[in-house]
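# fold the following.
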Amino acid sequence: MIYRVSVMARLCVVSCGQRKIWSSEPGRGPTPAGEAYVSSFSRLCREYALRFFDKWVILSAKYGFLYPHDTIPDDYNVSFNRARPKPISIDDLRSQIASKGLAEIDTIVVLGGRRYAEVVVAAFGGDYSYELPLAGAAGIGVMMQRLRRALDDDREIRAEAGGMIMDLVHWLQGVEGHKFVPLFELDDNLAVKIKYVGSQNRPVLRRHPQMEQTIIDLVEKGLEDPDWEGLIYVMGWHDLPHFVPLFVGKTERRGIRRQVSENIRSIRTNTSAFARWGDNIDYHIGDLSHALFRFKAYREPRKSYERWAATLFEAPGSTHLVQPVFLYVAPWYTYSTGPSGSVCSVKQVTQELIDLASTQFAETLLNARRR
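All right, here's what the predicted structure looks like:
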């Protein structure tokens with residue numbers, strides 16, 4: 001059967017759920033997809049889709065895109081977050097997009113977590129606009145709160161209320177007070193200069209003086225403002241607006257035991273930590289240097305920084321960059337608004353940025369994926 005969806009339409013994609021109707025009715029036979037998923041979250045997503053969309057489908061990890069009237073034969077337990085049993089492939093999803101007429105839309109709205117958004121974007125590709133009404137939510141409870149509020153208010157969650165998947169780099173450019181600087185000090189051959197630190201004269205990559213002064217200025221200015229929560233930073237390739245994010249992180253004002261974190265205390269002389277970009281092991285520059293030069297330390301180089309080294313440099317042990325590396329840095333305040341459109345903490349906005357980068361720059365992002 002070939003389905004038709006009107007041109008210039010929006011499509012809502014609803015995530016399936018682990019709990020299905022067969023858990024309470026084991027003798028029930030084949031069931032329409034719109035009735036099969038019975039968790040509270042699934043019911044809210046379905047009600048939201050019915051309220052605000054003419055066209056919507058459920059994304060099943062086993063069966064792919066399902067219209068509400070499509071039949072599911074019986075219970076199953078397949079997830080996009082597990083390799084086994086094997087979920088439906090991206091190629092099969094693309095075939096369904098064509099056979100079910102889903103390509104004839106402009107905007108795709110995804111009700112679900114980050115993994116579902118990644119699958120949807122991978123299947124549909126870059127020719128569509130995407131919206132994530134539940135982006136940045138700290139868990140399924142917050143997602144359900146957003147959905148209930150929208151249903152109670154009879155008002156769809158849109159960008160101004162916390163939903164549009166906007167262009168990450170465009171958002172970064174709009175953050176007030178942001179700075180964009182070279183990360184490393186280079187020689188004329190695009191090789192990172194090194195210095196030797198500690199009693200063992202460990203070789204450590206040099207931060208660019210402009211980067212160091214930028215961090216110092218932002219931290220010292222921030223500590224004078226009671227609303228300042230810390231810094232967000234993004235390491236990447238190319239200048240704005242063609243920036244390609246490689247790693248997203250943060251440094252917070254407060255420490256575990258002190259009002260001012262050891263990462264930024266005495267920032268002018270704190271080269272060991274230096275707002276998470278310090279020379280010591282367990283900080284970005286120190287760990288990257290450890291992975292690159294393999295010097296002796298209290299532990300082996302971390303796998304994550306071995307990936308950094310393999311991505312940034314031409315060869316193991318080489319200080320020649322594949323291409324120049326830049327650092328985006330921006331101050332974050334108690335009143336700052338994240339990509340979702342909501343005021344959020346520095347910790348929350350960092351996760352929003354990782355979520356966006358994981359969708360828009362999945363091939364290059366070095367942040368570890370959440371399980």
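# apart from its chain neighbours, what residue comes closest to Glu252?
Gly230 (4.1 Å; C-beta to C-beta, 6 or more residues apart in numbering). For every residue, glycine as well, the C-beta is placed using N, CA and C.
# verify the stated contact: the one you found with Gly255.
No - counting by C-beta atoms under 8 Å, Gly230 sits too far from Gly255 to count as a contact (10.7 Å).
# which neighbours do those two share?
Ser261 (C-beta atoms under 8 Å, 6 or more residues apart in numbering).
# the more surrounded of those two?
Gly230 (25 against 13; other C-beta atoms under 10 Å).
# please parse this protein into its domains.
10-165, 170-360 (automatic domain parsing).
# tell me which helix or strand comes right after the helix or strand where the residue nearest to Glu252 lies.
Per DSSP states H and E, Gly230 falls inside strand 228-237. Next helix or strand after strand 228-237 toward the C-terminus (DSSP H and E): strand 244-252.
# ok, residues contacting that following strand?
168-169, 229-238, 261, 263-264, 275-276, 284, 308, 311-312, 325, 328, 332, 346-347, 349-350, 353-354, 357, 361, 364-367.
# can we see that at 6 Å?
230-238, 261, 263, 275-276, 346, 350, 353-354, 357, 361, 364, 366-367 (C-beta atoms under 6 Å, 6 or more residues apart in numbering).
# among the residues you listed, which ones are buried?
Using 16 or more other C-beta atoms under 10 Å as the burial test, the contacts of strand 244-252 include 230-237, 261, 263, 275-276, 346, 350, 353-354, 357, 361, 366-367 as buried.
# please enumerate the strands of the stretch 251-371 of the chain.
Remark: strands assigned in the stretch 251-371 of the chain by DSSP state E, counting those that start in this stretch are 325-333.
# can you map out the helices along it?
284-293, 303-312, 346-360 (DSSP state H, counting those that start in this stretch).
# closest to Asn270 out of these?
helix 284-293 (12.5 Å; C-beta to C-beta).
# what's that closest one in contact with?
Taking C-beta under 6 Å, 6+ apart as the rule, helix 284-293 contacts 203-205, 276-277, 279-280, 297, 301-302, 305-306, 308-309.
# report the distance from stretch 119-126 to the chain centre.
Its chain's average C-alpha position is 15 Å from that of stretch 119-126, according to C-alpha atoms, centre = their mean, to the nearest Å.
# tell me the buried residues in it?
Val119, Val120, Val121, Ala123, Phe124.
# for Ile232, give me its contacts.
Counting by C-beta under 6 Å, 6+ apart, Ile232 makes contact with Lys250, Ala330, Trp332, Thr350.
# for these, give me a markdown table that also has distance to Cys45 and pLDDT.
Shown next, in a markdown table, are those (distance: C-beta to C-beta, whole Å; pLDDT from 0 to 100):
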| residue | distance to Cys45 | pLDDT |
| --- | --- | --- |
| Lys250 | 30 | 98 |
| Ala330 | 33 | 98 |
| Trp332 | 31 | 97 |
| Thr350 | 26 | 93 |
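# tell me which of the residues you listed is nearest to Ala36?
Looking across the contacts of Ile232 and measuring by C-beta to C-beta, the closest to Ala36 is Thr350, at 36.2 Å.
# ok, the closest one - contacts?
Contact analysis of Thr350 by C-beta under 6 Å, 6+ apart lists Ile232, Lys250.
# distance of it from Ala330?
11 Å (C-beta to C-beta, to the nearest Å).
# over to Phe53?
35 Å.
# what about the nearest residue to Val121 once chain neighbours are set aside, neighbour count?
In space, Val121 comes closest to Thr359 once its chain neighbours are excluded; the distance is 5.4 Å by C-beta to C-beta, 6+ apart. By other C-beta under 10 Å, 21 other residues sit near Thr359.
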